[in-house]
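Peer 1: give me coordinates for this.
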Amino acid sequence: MKRLTPVFISSAVITLLFIIWGAFLPKSLSSATSTVQLFLQGNFGWLYLTSATVFLVFLLYLAFSRYGRIKLGKDNDEPEFSTFTWLAMVFSAGMGIGLVFWGVAEPISHFHNPPFGKGETADSAALAMRYSFFHWGFHAWGIYAITGLAIAYFTFRKGSLQVPSEILRPILGKKVDGGVGLAVNVIFIMATVFAISGPLGMGATQISGGISYLTGVQNNFTNQVIVIGVVTILFILSAKTGLERGIKYLSNTNVVLAIFLMIFVFFAGPTTFIMNVFTSAFGDYMQNLPNMSLNQRPFEQSSWFQDWTVFYWAWWVAAAPFAGSFIARVSKGRTVREFVLGVLIVPTLFGILWFSVFGGTAISLEMFNHFGIKEIMDNQGVEVALFTILQELPFGTIISFLAIILIGTFFITTADSGTFVLAMQSSNGSSNPSTSMKFTWGILQSLTAVILLWSGGLGAIVSALIIIGFPLVIILILTVFSLLKSLKSEPLPDKKNLNEAKQKIV
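Peer 2: Here you go, the predicted structure:
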């Protein structure tokens, strides 16, 4: 391993202290993180909602303004990956495991416990789909996109090191070379550790839960740790192959498997009902998007919006350093317009289709067949929700095992991508960090996932993500001003000069 950087030493020590705290005082860790989480959700929900909306509006402005023509790189740089591979890598690193985990569980939860009104009705079913689209839609990808765009622009266009603090240089100046920059970089790395540990924990519980549901093997902490151990070995082996092979091939495999699974459920399930759900719920989502973007319904004594919407927004903010850094790394040569529209629209539409197919099938079973998915989730955990509906379809057991394979490949891709980003961020932005650095972070992030499961299960993971998301939302707000300031100084050729340049090339 090359000379260790202050960023690596600081973040690795903090991670180790967290692991030790959770290992020896798990109840103390769980209690402390839960207390801080409740405080942040209850008092700063408005900040998360407002910020996410501002990010989305700002991105759309950039895409359709004169800045949209700017390349994330030099003017003659071309994209490193094909469009399909690029979008596959973006989606896989962004929220692949989350969609598989919540694709059934969230709509069913909202159907029984809607944000307002009575549950288990036609209205609550419509609300369930609308808010599932909302939580995994444009705002989520907008948070990722603002981070990725800033990192890609300053790295490939301005030639800065691919470290987080560089995105604030236009407004902080030389302060990013000192303690302020170190703090920003450490916060980004710690957020990445927790953001990766979350999907690792969810993936482990869902794989273990799926095996338990199909075979009767107990779904417990020991088996979840075994799953994490096996996958850790696999993603470390994948990490050795580099970005152009391991992550690229896994991402393509993920998307192909996900599309196959979605198409199968679409045709094997209530096809007409799914299509009706898709069209109705999508229209409902777009129509109510402005209202949902900022409304927490403060005049009602309900914690639903803090428990769901604010939680998700904090989660996406916490995951932004990881997802944004990785998306930036694979987006060199894209224009600002191509980047924004690609990252916002394609993954959002895929997520909407996913929820329409899996959530629509689940609600159909619950409403018309009285299947009792919610009761199964309460008794066996939300991680088995997907497998309850797959077992009701033809070839249910085979498809369920295919779903476990899909979760596993998403698991490996997410961990592999996260290890790459952590190694890159703690190696002064090296685009090809050493294998030893990736190995070190691979072990640390897996241990963090184990400790979070040990100290409080998924609840502890949620708390950690929301806590680390708070300072990050401040950094991302500053990023908007920094990016805009730099873009305003960008010398932009007009259309006439662009055409002349093209003719000269020809």
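
Peer 1: quick one, helices of the stretch 51-200 of the chain?
Peer 2: 83-112, 122-135, 138-152, 169-172, 179-215 (DSSP state H, counting those that start in this stretch).

Peer 1: ok, now the stretch 401-506 of the chain?
Peer 2: 435-488, 495-505.

Peer 1: and the closest residue to Pro270 other than its chain neighbours, how many neighbours does it have?
Peer 2: Using Cβ to Cβ, 6 or more residues apart in numbering and skipping the chain neighbours, the partner closest in space to Pro270 is Ser364 (4.6 Å). For every residue, glycine as well, the C-beta is placed using N, CA and C. Using other Cβ atoms under 10 Å, the number of residues around Ser364 comes to 18.

Peer 1: what helix or strand does Ser364 sit in?
Peer 2: helix 360-368 (DSSP states H and E).

Peer 1: returning to that earlier point: indicate which one of the helices of the stretch 51-200 of the chain is closest to Leu49.
Peer 2: Nearest to Leu49, of all the helices of the stretch 51-200 of the chain, is helix 138-152, at 8.6 Å by Cβ to Cβ.

Peer 1: which strands and helices sit next to that closest one?
Peer 2: helix 26-64, helix 83-112, helix 311-329, helix 336-354, helix 435-488 (3 or more Cβ pairs under 8 Å, 6 or more residues apart in numbering; DSSP states H and E).

Peer 1: okay, the ones you listed in TSV with mean neighbour count next?
Peer 2: Output for the helices and strands packed on helix 138-152, formatted as TSV (neighbours: other Cβ atoms under 10 Å):
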stretch	mean neighbour count
helix 26-64	18
helix 83-112	24
helix 311-329	28
helix 336-354	20
helix 435-488	21
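
Peer 1: save those as CSV, and put in mean pLDDT and distance to Arg297 too.
Peer 2: CSV is the format used below for these (pLDDT from 0 to 100; distance: least, Cβ to Cβ, whole Å):
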stretch, mean pLDDT, distance to Arg297
helix 26-64, 87, 11
helix 83-112, 83, 15
helix 311-329, 86, 15
helix 336-354, 93, 24
helix 435-488, 82, 20
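
Peer 1: out of the ones you listed, nearest to Gln162?
Peer 2: helix 311-329 (7.2 Å).

Peer 1: tell me what that closest one is packed against?
Peer 2: Identification of packing neighbours for helix 311-329 by 3+ Cβ pairs under 8 Å, 6+ apart yields helix 26-64, helix 83-112, helix 138-152, helix 179-215, helix 396-425, helix 435-488.

Peer 1: residue contacts, Ser132?
Peer 2: Shown in contact with Ser132 (Cβ atoms under 8 Å, 6 or more residues apart in numbering): Trp102, Glu106, Pro107, His110, Phe355, Gly359.

Peer 1: switch to 10 Å and redo it
Peer 2: Applying Cβ atoms under 10 Å, 6 or more residues apart in numbering to Ser132 gives the contacts 102-103, 105-111, 281, 285, 308, 351-352, 354-356, 358-359.

Peer 1: try Phe154
Peer 2: Neighbour list for Phe154: 72, 160-164, 166-170, 328, 479, 482-483, 486 [criterion: Cβ under 10 Å, 6+ apart].

Peer 1: in JSON lines, list the helices of the stretch 51-200 of the chain along with distance to Leu17.
Peer 2: Below are the helices of the stretch 51-200 of the chain laid out as JSON lines (distance: least, Cβ to Cβ, whole Å):
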{"stretch": "helix 83-112", "distance to Leu17": "27"}
{"stretch": "helix 122-135", "distance to Leu17": "32"}
{"stretch": "helix 138-152", "distance to Leu17": "26"}
{"stretch": "helix 169-172", "distance to Leu17": "28"}
{"stretch": "helix 179-215", "distance to Leu17": "11"}
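
Peer 1: mind checking those helices for the one nearest to Ile263?
Peer 2: helix 83-112 (14.3 Å).

Peer 1: go through the helices and strands packed on helix 138-152 and name the closest to Leu406.
Peer 2: For those, the distance to Leu406 is smallest for helix 83-112, at 6.4 Å, taking Cβ to Cβ.

Peer 1: what about that closest one, distance to the chain center?
Peer 2: Centre-to-centre, helix 83-112 and its host chain are 8 Å apart (Cα atoms, centre = their mean, to the nearest Å).

Peer 1: now do stretch 50-63
Peer 2: Stretch 50-63 has its C-alpha centroid displaced from the chain centroid by 18 Å (Cα atoms, centre = their mean).

Peer 1: got it, and stretch 197-205?
Peer 2: Relative to its chain's centre, stretch 197-205 lies at 12 Å (Cα atoms, centre = their mean).

Peer 1: for Val225, which non-adjacent residue is spatially closest?
Peer 2: Val450 (5.6 Å).

Peer 1: who's in contact with that neighbour?
Peer 2: Val450 makes contact with 19, 22-23, 197, 200-201, 204, 221, 224-225, 228-229, 232, according to Cβ under 10 Å, 6+ apart.

Peer 1: and the buried ones among these, selectable in ChimeraX?
Peer 2: To isolate the buried members of the contacts of Val450 in ChimeraX, using 16 or more other Cβ atoms under 10 Å:
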select :19,22,197,200,201,204,224,225,228,232
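
Peer 1: tally up the residues packed near Thr222, please.
Peer 2: 10.

Peer 1: just Asn369 next, same as before
Peer 2: 11.

Peer 1: surely it touches Thr388?
Peer 2: No - at 11.8 Å, Asn369 does not count as touching Thr388 under the criterion of Cβ atoms under 10 Å.

Peer 1: dump the helices and strands packed on helix 138-152 into TSV; add distance to Ile407 as well.
Peer 2: Below are the helices and strands packed on helix 138-152 laid out as TSV (distance: least, Cβ to Cβ, whole Å):
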stretch	distance to Ile407
helix 26-64	25
helix 83-112	5
helix 311-329	18
helix 336-354	14
helix 435-488	14
